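J.: The sequence and its predicted three-dimensional model are supplied below.
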Amino acid sequence: MNTMPDDIDSAELRTIIAKVRLTTAEALELDRRIKAAGGGTRARYLREAALKNQCSEDLAELVGRIGLALNQLDHAPARRLGHIARQIDEIIFLMRPEDR
């Protein structure tokens, strides 16, 4: 049973505090990612990153297939390596923002 609301930015009052400690480098990287994503607050960005579905089933399946293929690299012919490269390209495509 999924208890998370569909809209994580609902009007419900947020009363629970979750503190996170960051290094200076982590904070700078987080701020860079927030800016690249269009801005907003750290809290909103972290909520969305943690609670929204970031990985589709297709993407998870591709990662699993690539993992299996990588485990067999000792005996892989060149055509198999090309297949792995195409799967990685597909993952990169799927991970791009939806406004492609």
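T.: Noted; the coordinates are in hand.

J.: Return the distance of the nearest residue to Thr41 once chain neighbours are set aside relative to Leu62.
T.: Of all residues not flanking Thr41 in the chain, Ile34 sits nearest, at 7.8 Å (CB to CB, 6 or more residues apart in numbering). In short, each C-beta sits where N, CA and C put it, glycine included. To Leu62, Ile34 is 27 Å away according to CB to CB, to the nearest Å.

J.: which SS state does Ala43 fall under?
T.: Following DSSP: H, G, I helix; E, B strand; the rest coil, Ala43 is assigned to helix.

J.: That one - how many residues pack around it?
T.: Residues near Ala43, counting by other CB atoms under 10 Å, number 12.

J.: ok, now the one 3 residues further on?
T.: Other residues within reach of Leu46 by the criterion other CB under 10 Å amount to 14.

J.: Check the gap between it and Gly39 for me.
T.: 14 Å.

J.: Tell me where this protein is predicted with low confidence.
T.: 1-11, 53-57, 74-76, 78, 96-100 (pLDDT under 70).

J.: Give the buried residues for the helix ranked longest in it.
T.: Across the chain, the longest stretch assigned as helix under DSSP state H is helix 78-95. Residues of helix 78-95 classed as buried by neighbour count (16 or more other CB atoms under 10 Å): Ile84.

J.: Just the C-alpha atoms of it, please, in PDB.
T.: Output in PDB follows, covering the C-alpha atoms of helix 78-95 (Å, rounded to 0.1, in the frame of the first residue of the first chain):
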ATOM      1  CA  ALA A  78      32.900  -7.400 -29.900                       C
ATOM      2  CA  ARG A  79      29.200  -7.500 -31.000                       C
ATOM      3  CA  ARG A  80      28.200  -8.000 -27.300                       C
ATOM      4  CA  LEU A  81      30.200  -5.000 -26.300                       C
ATOM      5  CA  GLY A  82      28.400  -2.900 -29.000                       C
ATOM      6  CA  HIS A  83      25.100  -4.200 -27.500                       C
ATOM      7  CA  ILE A  84      26.100  -3.100 -24.000                       C
ATOM      8  CA  ALA A  85      27.100   0.400 -25.400                       C
ATOM      9  CA  ARG A  86      23.700   0.700 -27.000                       C
ATOM     10  CA  GLN A  87      22.000  -0.200 -23.800                       C
ATOM     11  CA  ILE A  88      24.000   2.400 -21.900                       C
ATOM     12  CA  ASP A  89      23.000   5.000 -24.600                       C
ATOM     13  CA  GLU A  90      19.400   4.100 -24.000                       C
ATOM     14  CA  ILE A  91      19.800   4.500 -20.200                       C
ATOM     15  CA  ILE A  92      21.300   8.000 -20.700                       C
ATOM     16  CA  PHE A  93      18.400   8.900 -22.900                       C
ATOM     17  CA  LEU A  94      15.900   7.700 -20.300                       C
ATOM     18  CA  MET A  95      17.600   9.600 -17.600                       C
END
